[in-house]
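**Q** Fold the following, please.
(one chain, ligands or ions: 2)
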Amino acid sequence: MATRVRWLGHAALLLESDGRNVLIDPFLTGNPKAAVQAGEVPADLILISHGHGDHVGDAVAIARRTGATLATNYEISLWLQQPAQGLDGDHVQGLQHGGSFLFDGAVRVKLTLAFHGSMLPDGSNGGNPCGLVMTFPDGVKVYDAADTALFGDMALIGEEGLDLAILPIGDYYTMGPDDAVRAVKLLKPRFVLPIHYNTFPPIVQDADAWAARVKNETSAQPVVLQPGDWFEIPKK
Ligand code: NI
Ligand code: MN
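**A** Numbers count the residues shown, from 1 in each chain. Ligands and ions are numbered 1, 2, ... in the order given. This is a model prediction of the structure:
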């Protein structure tokens with residue numbers, strides 16, 4: 001069964017593969033571009049890239065409702081188990097950069113570097129921000145850079161052979177369109193999906209203009225989605 005991705009608005013994504021739903025950075029309540037409501041989105045595995053409110057979002061409530069496993073960095077994994085959040089440690093995986101785990105014998109998730117902040121909404125220490133490399137049962141490999149600046153070691157991540165890279169293009173809080181094109185050149189993915197733009201005034205961008213640059217200047221195929229749209233990732 002194919003792997004497909006649905007942009008839920010801002011940095012929220014749903015990846016579906018072989019009947020498993022992987023929900024990333026589910027900021028839905030209060031997200032002016034949210035394509036679904038927190039009370040209805042499916043999740044078997046929830047990934048949180050860093051501690052900021054526009055990424056942790058509704059993760060705790062969705063985990064409670066669905067019984068999904070949560071994977072994130074070690075510091076956020078401890079925070080999720082504090083009384084205020086109250087998640088069961090059996091459902092929380094606390095990884096660190098370079099570390100991976102295999103979910104349900106089927107989806108491998110590895111944390112990568114990201115250059116950003118990670119303080120949690122209540123001011124707690126959220127550890128270091130992360131990107132995510134996911135390998136799905138059909139062999140499709142996806143890199144979600146999450147919130148980050150451009151960095152040269154994206155070339156190392158690209159060596160893994162990426163089918164899809166998901167990159168912020170919003171500028172202001174993350175890399176902007178120019179650096180995101182440079183990121184595509186380092187990552188060399190087959191397809192690239194821009195996110196983290198047009199949610200709020202400081203991050204308004206022209207995604208179609210960016211996609212035209214990707215087409216002209218890189219070997220990757222840009223995929224511009226509207227919040228709510230799906231993209232099925234073609235196998236090689
Ligand atoms: Ni952030
Ligand atoms: Mn963000």
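
**Q** who's in contact with residue 152?
**A** residue 186 (C-beta atoms under 8 Å, 6 or more residues apart in numbering). For glycine as for every other residue, the C-beta is placed from the backbone atoms N, C-alpha and C.

**Q** make that residue 193, sorry
**A** Counted by C-beta under 8 Å, 6+ apart, residue 193 has contacts 5, 7, 164, 165, 166, 167, 222, 223, 224, 225, 231.

**Q** Ok, residue 189 next?
**A** Each residue near residue 189 by C-beta under 8 Å, 6+ apart is listed here: 143, 158, 162, 163, 164, 165, 220.

**Q** returning to that earlier point: now, which of the contacts of residue 193 lie within helices?
**A** Per DSSP state H, helices hold no members of those.

**Q** how close does the residue most central in space within the chain sit to residue 212?
**A** By C-alpha atoms, centre = their mean, the chain has its centre lying nearest to residue 144, at 4.4 Å. Noted for residue 144: a distance of 23 Å to residue 212, by C-beta to C-beta, to the nearest Å.

**Q** Next: residue 135.
**A** Relative to residue 212, and taking C-beta to C-beta, residue 135 is found at 30 Å.

**Q** And these two? Which one has more around it.
**A** Neighbour count, other C-beta atoms under 10 Å: between residue 135 and residue 212, residue 135 has more, with 20 against 13.

**Q** ok, and the closest non-adjacent residue to that one?
**A** Distances taken as C-beta to C-beta, 6 or more residues apart in numbering place residue 108 nearest to residue 135, at 4.3 Å, with adjacent residues excluded.

**Q** So that neighbour belongs to a helix, correct?
**A** No - using DSSP: H, G, I helix; E, B strand; the rest coil, the secondary structure at residue 108 is strand, not a helix.

**Q** helix/strand/coil for the residue lying farthest from the centre of the chain?
**A** The C-alpha centroid of the chain is most remote from residue 83, which lies 26.3 Å away (C-alpha atoms, centre = their mean). Per three-state DSSP, the secondary structure class of residue 83 is coil.

**Q** Could you give the backbone dihedrals for it?
**A** With angles defined as degrees, to the nearest 10, residue 83 sits at phi -50, psi -40.

**Q** In the helix or strand harbouring residue 157, which residues are buried?
**A** Using DSSP states H and E, residue 157 sits in helix 154-158. Neighbour counts over helix 154-158 (16 or more other C-beta atoms under 10 Å) mark 154, 157, 158 as buried.

**Q** What are the boundaries of the strands in this structure?
**A** Using DSSP state E, the strands of the chain run over 3-9, 12-17, 20-24, 45-47, 69-73, 92-95, 100-103, 107-113, 130-135, 141-144, 164-168, 191-195, 221-222, 230-233.

**Q** Go through those strands and name the closest to residue 31.
**A** Smallest distance to residue 31 across the strands of the chain (C-beta to C-beta): 5.5 Å, for strand 3-9.

**Q** Pull up the per-residue confidence for residue 212.
**A** With respect to pLDDT, residue 212 scores 98.
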